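**Q** Got a sequence here, can you model it:
(one chain, ligands or ions: 1)
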Amino acid sequence: MVEWKDFQPDELLIWFDSLIPSTGKGLDLGSGSGKNSLYLASKGLNVQAVDISRKALNLLKEQAQMLGLKVWTFRQDMYQFPIEENKYDVILCLWSLMFLEPIKIQEFSRRLIDGLSPGGLLFCSVFTTQDPSYFSAERMLKRVSERLFESKDQRYLYFFAPGELESYFKDLQIIFYAEGHSLDFKHSLSHRHGWAQLLARKG
Ligand SMILES: C[S@@+](CC[C@H](N)C(=O)[O-])C[C@H]1O[C@@H](n2cnc3c(N)ncnc32)[C@H](O)[C@@H]1O
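**A** From the prediction side, this is the model:
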């Protein structure tokens, strides 16, 4: 039996739950198996979830069905996904932006801004060079450029520099921006992450 506690959404959504609307359109880019898409759908948003992983999207669809929720899924590279301008009340790009090549990130960020409706919210989180996997990537993965590595399963793995994530969204009203470290107990052995997290609103 699937229960809501199995779908604990991202902490950024929990912290700012009171700002999330209960109607409108949501877009979850790099949704994975969709705990955050399902969360937005449960609040009443009409949600599109985009991911390149068939397996992840199948899981999402299964879980949506079990919970009696509807999420529209798109199996494709999020960079290729046509983001309509001024359409979305909430856009999520949680722990997925770092799988794009940095050369695409600035332009993609612009599309995220344009895709928000007036007053729309963007939630975004990435790993930074403070993440311990940055140091293991240096040893174990092929380096493409300064902070970009080739990764077996995700093609690219890019580590954001301090301040970099925020710099792409200067045209939005930044509600919350933080960089830091935390312990992750959610999967495998507990391990540390170095991250940047952002919540911003279109004026
Ligand atoms: C670390 S998971 C995060 C999943 C979810 N956003 C979350 O916060 O739990 C990263 C996801 O991004 C997806 N992904 C990576 N590169 C992608 C791309 N270019 N286009 C779409 N999805 C991508 C992966 O398949 C994976 O499901």
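**Q** Tell me how many other residues crowd Asp131.
**A** Residues lying near Asp131 (other CB atoms under 10 Å) number 21. Where you see a C-beta, it was placed from the backbone N, CA and C, and this is true even at glycine.
**Q** ok, now Arg139?
**A** Arg139 is flanked by 6 other residues according to other CB under 10 Å.
**Q** Tell me what the residue nearest to Phe81 when sequence neighbours are not counted is bridged to.
**A** Using CB to CB, 6 or more residues apart in numbering and skipping the chain neighbours, the partner closest in space to Phe81 is Val50 (4.9 Å). Note on Val50: beta-bridge partners Leu29, Phe74, judged by DSSP bridges.
**Q** ok, the residue nearest to Asp131 when sequence neighbours are not counted - how many residues close by?
**A** Ranked by CB to CB, 6+ apart and with sequence neighbours excluded, the top spatial neighbour of Asp131 is Gly194, at 3.8 Å. Counted by other CB under 10 Å, the residues lying close to Gly194 total 21.
**Q** what sits against Gly194?
**A** By CB atoms under 8 Å, 6 or more residues apart in numbering, Gly194 lies in contact with 127-132, 134, 179-181.
**Q** Gly30 versus the residue nearest the centre of the chain, what's the distance?
**A** What sits nearest the mean C-alpha location of the chain, by CA atoms, centre = their mean, is Leu94, with 1.6 Å. According to CB to CB, to the nearest Å, Leu94 stands 7 Å off from Gly30.
**Q** Repeat that for Leu165.
**A** Taking CB to CB as the measure, Leu165 falls 15 Å from Gly30.
**Q** Now do the same contact list for the closest residue in space to Lys35 that isn't next to it in sequence.
**A** Distances taken as CB to CB, 6+ apart put Phe7 closest to Lys35, at 4.6 Å, once the chain neighbours are dropped. Contact analysis of Phe7 by CB under 8 Å, 6+ apart lists 35, 38-39, 63, 67.
**Q** Just the pLDDT for the residue nearest to Asp131.
**A** What the model reports as pLDDT for Gly194 is 94.
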